[in-house]
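Enquirer: following is a predicted model, sequence given first.
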Amino acid sequence: MMKEEALAWVIRTRDPRFDDWEAFTIWLEGDPERATAYDALMMADADMASILPSEPVAMPVAANDAGTPGRHIWRWAGGGAIAAALVAVVSIGMMNRTDIYTVATRPGETRSIALQDGTKIDLNGGTSLRLDRKDARFAALDSGEAAFTVRHDAGDPFRVTVGDAVFEDAGTIFNIVHVGGATRIGVSEGKVIYNPEAEAIALPAGRALTDDAEGLRVMDVAPAAVASWRQGRLVYLNATIGQVSQDIGRSLGITVNATPAARATRFTGTIRLDDDPARFFAGAAPLMGLSAVRQGDAWLLQESPPKEGNAPQS
Amino acid sequence: MATGLSAIFMTNRAALLRFLRARGAGDEAEDLLQDMWMKLEAKDLGPVSDPLPYLYRMANNLMLDRYRSSTRRERREQDWAVGAGGVMADPNEDIAVDERIILNQRLDEARGVLRTLGPRVEMVFRRFRIEGVGQKVIAEELGVSLTTVEKDLQKAYRAMMALKQKMDTE
């Protein structure tokens, strides 16, 4: 209890505008231990600095209500013709808008959203997505996985912002996964343009794009595999087990780890999802040529004892 | 120091003394107050917009410095005992490559933890703790109440401090 209060005072006194030192004095006088608790937490606060990621917070906002001038604004280069739909990435300083709202799902929970323009968005578990009440053609995927079934309008393309990348639809069903700095998009119908004002990579149905620490790659994907989690199955064409285990974790709401050896293998095939993890892994792990063991609340995918290397076709 | 700060200091001397005592300065409260006075005299600080909060903050920082150096001394003595006469490593030395890798992993882990708290909590925390923006401004920016901002910060602080502690004991 005292620690909780001390933490509240750490946060209050750390505020550059804090001025209620008398109230702070009175709290301290209540118990001599409080000063020590406060000191210890202030020191923990200072120690925390070494693990604080320093990237600026970016918030996508439609450019036509750019708000206060003089603040940090930058836009995608070029693009006069699509000015009406221009999306600018703006520093959070401009976020004094209440029409941007967040829709989130817990791990294992899925949710479907219908937008006014007829577009449908399906959220997989553990996902956070921002939408704009004033602009139905905008979405920002902050983390997790979402499938977009977009009502196409050539004059007003639907755009999804993921980190600092933009995906623009060209009549489309597509799925985006954004986890831990990596972004994956698969297109099952129509076409999506990746960063229309920069790289402008066209992704037709059956193509996928991955952007992670290793860079930008475009590859083939089974169209039926895209957003197959909505039908309770996961479909893969030569996917890494690292990716597969992430998808399983998100879809079932559990933590799935994989040993480095298992992670290096690839999988092609269909996995049926099951709410009971034990039953699910009993069927799915052999399919991947792996075995699964329970570790507390998590599951670990590892190589099957007698075999090694790539998944056998079982 | 002919600015208003000295006058404010004199007027609020008793309150500042009371604060230092409450902060755990004990018998040394008077001496610390004297130190503050000397510091104020030594530097021409120019006009300060909120003189009294400024003086309180100065006193608070003095106490934090004291606490920090006392724990550091304790820690150093411990290290010394463990090292059994070896040469003490300077904690301020440049970070080695392998430590840098660990540091990057820790940053990634911290990023992950922040992300799990939800976008608003993450934003509030980053804005406050990394960019140094006040809570009132953040509340206005996000269109939420000051209480919400404070609760978000407490949530983020608890998670980040727990993470740091976990890392330190690993």
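Expert: All right, it came through fine. Residues are numbered from 1 along each chain as shown, chains lettered A, B, ... in the order given.

Enquirer: which stretches in chain B count as helices?
Expert: Assigned by DSSP state H, the helices in chain B fall at B:4-11, B:13-22, B:29-42, B:51-83, B:97-116, B:119-125, B:135-142, B:146-169.

Enquirer: please name the nearest non-neighbouring residue to residue B:157.
Expert: residue A:7 (5.9 Å; C-beta to C-beta, 6 or more residues apart in numbering or on different chains). Any C-beta I mention is one placed from the backbone N, CA and C, and that applies to glycine too.

Enquirer: I should have written residue A:159 there, sorry.
Expert: Going by C-beta to C-beta, 6+ apart, residue A:159 has residue A:168 as its nearest residue, at 5.1 Å.

Enquirer: I'd guessed the one you found sits against residue A:154; true?
Expert: No - Residue A:168 is not in contact with residue A:154 according to C-beta atoms under 8 Å; the separation is 10.8 Å.

Enquirer: tell me which of the two has more neighbours.
Expert: More crowded of residue A:168 and residue A:154, by other C-beta atoms under 10 Å in any protein chain shown: residue A:168, with 22 against 8.

Enquirer: one step back: please name the residues that touch the residue nearest to residue B:157.
Expert: A:41, B:154, B:157-158 (C-beta atoms under 8 Å, 6 or more residues apart in numbering or on different chains).

Enquirer: which strands or helices does the helix or strand where the residue nearest to residue A:159 lies pack on?
Expert: According to DSSP states H and E, residue A:168 maps onto strand A:165-169. For strand A:165-169, the helices and strands in contact under the criterion 3 or more C-beta pairs under 8 Å, 6 or more residues apart in numbering or on different chains; DSSP states H and E are strand A:159-162, strand A:191-194.

Enquirer: for the residue most central in space within chain B, which non-adjacent residue is closest in space?
Expert: Nearest to the geometric centre of chain B sits residue B:64, at 7.5 Å (C-alpha atoms, centre = their mean). Distance criterion C-beta to C-beta, 6+ apart; nearest residue to residue B:64, sequence neighbours excluded, is residue A:42 at 5.6 Å.

Enquirer: helix or strand for the closest residue to residue A:228 other than its chain neighbours, just tell me which one.
Expert: In space, and not counting its chain neighbours, residue A:228 is closest to residue A:235: 4.4 Å by C-beta to C-beta, 6+ apart. Secondary structure assigned from DSSP H and E places residue A:235 in strand A:233-240.

Enquirer: now do that strand: everything it contacts.
Expert: With C-beta under 8 Å, 6+ apart as the test, strand A:233-240 has contacts from A:220-222, A:224-225, A:228, A:243-244, A:247-248, A:251, A:263-273.

Enquirer: just the ones of those residues in strands?
Expert: Mapping the contacts of strand A:233-240 onto strands (DSSP state E) picks out A:220, A:266-272.

Enquirer: neighbour count for those - can I get that in a markdown table?
Expert: Putting those into a markdown table (neighbours: other C-beta atoms under 10 Å in any protein chain shown) gives the following:
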| residue | neighbour count |
| --- | --- |
| A:220 | 11 |
| A:266 | 17 |
| A:267 | 21 |
| A:268 | 14 |
| A:269 | 17 |
| A:270 | 14 |
| A:271 | 22 |
| A:272 | 12 |
